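1. 3D, please:
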Amino acid sequence: MKILIKELAKSQWQVRLDQHAVTFRSEAEARAFTRTLEARLHAPHQFPDQQQRAAG
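-> Modelled structure (predicted):
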């Protein structure tokens with residue numbers, strides 16, 4: 001997933017996630033959102049038990 005932060009206007013920032021965009025009132029808000037998103041994307045994930053059995 002490609003994540004870009006872009007200033008749209010003096011008090012408007014946009015975070016683009018591939019084709020999706022989320023607008024924020026400040027650069028700090030946009031960067032905080034991006035940090036949280038990246039942490040969640042890189043966090044370890046587990047499949048539910050049912051899917052693990054089917055995959056194994």
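2. low-confidence ranges in this protein?
-> Residues of the chain meeting the criterion pLDDT under 70: 50-56.
3. Quick one: the helices in it, in order.
-> Per DSSP state H, the chain carries helices over the ranges 27-42, 49-55.
4. List just the one of these that sits closest to residue 19.
-> The closest of those to residue 19 is helix 27-42. By Cβ to Cβ, the value is 15.2 Å. The C-beta positions use only the backbone N, C-alpha and C, and glycine is treated the same way.
5. Output the closest one as CSV, nothing but the C-alphas.
-> Listed next in CSV are the C-alpha coordinates belonging to helix 27-42 (Å, rounded to 0.1, in the frame of the first residue of the first chain):
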residue,chain,number,x,y,z
GLU,A,27,0.0,18.2,9.1
ALA,A,28,0.3,16.8,12.7
GLU,A,29,-3.1,15.1,12.4
ALA,A,30,-2.2,13.6,9.0
ARG,A,31,1.1,12.3,10.2
ALA,A,32,-0.4,10.9,13.4
PHE,A,33,-3.0,9.0,11.3
THR,A,34,-0.2,7.7,9.0
ARG,A,35,1.9,6.5,12.0
THR,A,36,-1.1,4.7,13.4
LEU,A,37,-2.0,3.1,10.1
GLU,A,38,1.6,2.0,9.4
ALA,A,39,1.8,0.5,12.9
ARG,A,40,-1.4,-1.5,12.3
LEU,A,41,-0.3,-2.7,8.9
HIS,A,42,3.1,-3.9,10.3
